[in-house]
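Novice: Coordinates for the following, if possible.
(2 chains)
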Amino acid sequence: MSTERQTQLVSTQSSIGSRATVAIIGLGLVVFAVSWLALFQWIGGETDVLGVGLFRLLGVCLLFIGVGTGACGFAARSGRIAATPRRSAGLLTGVLFGLLGFLVGGLSGAQTFGLGTAGWLVSAAGIGTAAATAAVFPREELGSTIPPSVFVTFVGAVITAGIIDAGWTWTPVDLSVTLIGPVVVPLLTIVASLIGVWSAAKAHSGFGARGRQSGAFLLISLSILGMLSVLVLLVGFIVVRGLDTVLTDAGVGIGSITVLNIQIPWVDVQIPFLMNVTQGLFVDVNGILPAIVGTLWLVIGAVVFAVPLGIGAAIFLTEYSESERFTQLVEIATNGLWSTPSIVFGLFGLTFLLPRISNNHRSLLGGQLVLGFMLLPLVVITSYEAIKAVPDEFRDASAALGVTRWQTIRSVVLPAAMPGIITGIILGVGRIAGETAPLLFVFPRSTFPSSVPNVLGSFEFSLAPPFVTNEALLSGGSALPYQLYASITSGHVPGQTFTVEQFGWGTAFVLLIVVLALYGIGITTRLYFQRKLQHE
Amino acid sequence: MSKFDTLSTRVHRHRPEDDGALAVLGVGFSCLLIAFVLFLTGSGLTAVPFLGFLVAAGVGWIAYQPTTAKWLMFLATVVTVMTLGLIVAFIVREAIPAIRMMGVDLLIRTNEPLWGSGTFSLAPMIVGTATTTVIAMTIAAPLGIAGALFLSEIAPSTVREIVKPGIELLAGIPSITYGFIGFVIINGFFDSQLQTPTIGNYFTVGLVIGIMALPTIVTVAEDAISTVPESMKSGSLAVGTTDWQTMKSVTIPAAFSGISAAVLLGVGRAMGETMAATVMIPHTKGFPSPLFDVFGGTGETLTTVIAFEGGNASGTHMSALFAAGVILFLTVLTLSVASQIIESRMQRKLGGKQ
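Specialist: Numbers count the residues shown, from 1 in each chain, chains lettered A, B, ... in the order given. Model prediction:
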């Protein structure tokens, strides 16, 4: 809408201006993206691009951006670009550029010119004040283009001239770190390109209220893009590096199984990493089967323990509790329990559960209960929300039929809230399946287990209390996240097949698949039921 | 039958089936109480009264389902609240020997020896936790608030439906996985390229924790921003402001307390983060000199010291670790309660104006 009006009023001038600003923004975004690749060292700083080194090319691009934004500012001032600027770029902009100027002045004074403390303080304060003044006092189109332009041009010049290049190093006096060119140059170009892009985006929308919106939205969108890239990077790293380990010696063959004395051909899938124990005499490829089974049992135990309690508490709070104060107390306690650090649950399990259930030995049951305690607040919170979201009309309609409150809950409220509750449980399980800290003191038996817990087969009944015992539940084992931790901290893995890192990536891959699958199911069910609710 | 139920309450206050239900539940609850006491004392006989409770609950369920259901749910609520109480009671109990031995020195001693041979000072770990939390929040707070604004105010619904699950996934990736990547890739990078004295330091730990605290802030802040009534925003837009002006001058100020609650919760997450920090940090106790040298050779936080040494500590050493847990727990609990009070106050304020 905004561009329409502009083109109608001052068509030729603004289209040149808007093309120029779009070009600057585009160039800036390219510099931004390439700088990240260079920071991760996926592209070397000396890579030859169009006959010049990459860093130098980035520097030249920054020079263009710097000069371009400055030109936009002056063009807007002289009326060649349509703009509706304010009287000033604003105090916040001034403060930020003042700080930036302070940093530039201080760092170049101390590092490049080797001034003493007094020297760099003077240069920092001087340049900082100058930058702040240049941002605040002129009208907006100059205040928000000239300081960025000067900064971006300066960075571009420093990099183009090779003052900071790939071979540059600096060890600051009070920091135990050596800054090197291949890291510093991309960082500088990232900051400079962001500032240049922000300034050009403001110019593109003609400064003023609309310009500020463009600048702000651009930066906000970039930060979201950053978050998603982190996610993609994390998952990508694990998948690329882990898949190799998981598929070691894997094969698909035709086998057969015998059912009722009849041989039935069967696809025989062999994935040793998933099907072998971690340590054993006759194991070629060390696998993580004990950890997978351990995680499975832990999750089952935690769900059996926490889900009935959690749903019960949620129903009581929404349907029965009449004292608001009591509800509030429970809510605060539940949220407090939710934010309790996971390692504290581990300590709690160590001192409260182990002496009482398994004679101070680490045990599967202890792990299940500790994870159950962690799952409990999640189930309470999500079920509470889900039950609260059931419209009161449902309850009134049911009550109008003359049934008791409990019948209403059982046959109206709970079924309506079930999708929300189930989603919450699945997401909660996804969370606790990856927890290591609470298990550290209550569950692990050996770093690399050589057997798989046999829970179903170890129940023993007796007439004396406690009537039922289960050796497998009362002895420790391993879980996926713990297995990953163990292989990192022990620094070696059994067998010759894998290095520590390979084994770690493989375990991380399996763990990630388990957690992502749970999250995927949870989020899809939620979307499905949301859609269904909206259509009704 | 149910009609009778309501009728009989109106006519006679006294219902005979209530007596039966109360009797059964009374027996059940006393059994459970006995079982709990026996469990606390570590008795092997716990199973007997617990079985009694199960039988009573079963009988109650068959004969007086509504009443039994209500009281069982009440019980579930009590168990939830009690868990918090039990955690406090038990970790404080274990921490007492260390507190008694060290006194205030447990928190403030800065002279060598700091840790081991009969002296335990948590001061280096408190400094470590503070340092990593500050670094983490410098990254997570601005990015998290920007993300929340984007999700609730800027993004079109199709983009939102892709981005929001993405943020949730970021929260779902297990902390040990972050730690493994941080350990292999980020620590490796700082060690080989930037020549830091140790593999791992406060900066790399803070960086990773910051990314991990991000989803908490985004989700909670987004909730806070979306509680701002639409009418307030529309009022502002009607005056002719841009979306950004509305956000800056109406939405953010109105949701400010909720956003700060989100940041507080983020601080709690960052402080309590254990596994990623444990595998990445060098586990050397001391104070960085100067204090802002986050790349230096020292590194230990409250959570990492517990996770790293808890497995084979005993006596006062273990008790000192429990003391670290108490500090951590109480701080995070305070943050959580504070953020809830802020949030409920904000909802009351906005709800009242609506």
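Novice: Which pLDDT value belongs to residue B:228?
Specialist: Confidence at residue B:228, expressed as pLDDT, is 86.
Novice: show me the contacts for it.
Specialist: With contact set as Cβ atoms under 8 Å, 6 or more residues apart in numbering or on different chains, residue B:228 has these partners: B:250-251, B:254-255, B:350. Bear in mind the C-beta positions are built from the backbone N, C-alpha and C, glycine included.
Novice: Am I right that it is in a helix?
Specialist: No - under DSSP: H, G, I helix; E, B strand; the rest coil, residue B:228 falls outside any helix and is assigned coil.
Novice: Could you tell me how far it is located from residue B:122?
Specialist: Here the criterion is Cβ to Cβ, to the nearest Å. By it, residue B:228 lies 41 Å from residue B:122.
Novice: rewinding a little: just name the closest of the contacts of residue B:228 to chain A, please.
Specialist: Distance to chain A, by Cβ to the nearest Cβ, is smallest for residue B:251 among these, at 12.8 Å.
Novice: What sits closest to that closest one if chain neighbours are left out?
Specialist: residue B:228 (5.2 Å; Cβ to Cβ, 6 or more residues apart in numbering or on different chains).
Novice: Please apply the same query to residue A:211.
Specialist: Nearest to residue A:211 is residue A:202, by Cβ to Cβ, 6+ apart, at 3.9 Å.
Novice: quick one: which helix or strand includes the residue nearest the centre of chain A?
Specialist: The residue lying closest to the centre of chain A (Cα atoms, centre = their mean) is residue A:231, at 5.6 Å. Counting by DSSP states H and E, the element that carries residue A:231 is helix A:208-246.
Novice: how distant is stretch A:75-86 from the center of its chain?
Specialist: Centroid displacement of stretch A:75-86 relative to its chain, using Cα atoms, centre = their mean, to the nearest Å, is 42 Å.
Novice: Please apply the same query to stretch A:408-424.
Specialist: Distance, centroid of stretch A:408-424 to centroid of chain: 31 Å (Cα atoms, centre = their mean).
Novice: Also stretch B:248-262?
Specialist: Chain-centre distance of stretch B:248-262: 22 Å, with Cα atoms, centre = their mean.
Novice: got the contact list for residue B:242?
Specialist: Per Cβ under 8 Å, 6+ apart, neighbours of residue B:242: A:209-210, A:212-213.
Novice: Residue A:128: which of the residues you listed is nearest?
Specialist: Minimum distance to residue A:128 across the contacts of residue B:242 is 23.1 Å, recorded for residue A:212 (Cβ to Cβ).
Novice: got a list of what that closest one touches?
Specialist: Contact partners of residue A:212, counting by Cβ under 8 Å, 6+ apart, are A:202, B:242, B:244-245.
Novice: picking that back up, quick one: the residue nearest to residue A:211 and chain B, what's the gap?
Specialist: Applying Cβ to the nearest Cβ, to the nearest Å, the value for residue A:202 to chain B is 11 Å.
Novice: Equivalent analysis for residue A:287, please.
Specialist: 18 Å.
Novice: where's that residue, which helix or strand?
Specialist: If you go by DSSP H and E, residue A:287 is not part of any helix or strand.
Novice: Next, count neighbours for it.
Specialist: Residue A:287 sits with 26 neighbouring residues when counted by other Cβ atoms under 10 Å in any protein chain shown.
Novice: Which residues are in contact with it?
Specialist: Going by Cβ under 8 Å, 6+ apart, the list of residues near residue A:287 reads A:272-278.
Novice: And the pLDDT for whatever residue of the stretch 101-250 of chain B ends up closest to chain A?
Specialist: Taking Cβ to the nearest Cβ, chain A has its nearest neighbour within the stretch 101-250 of chain B at residue B:174, 2.6 Å off. Residue B:174 is assigned 91 on the pLDDT scale.
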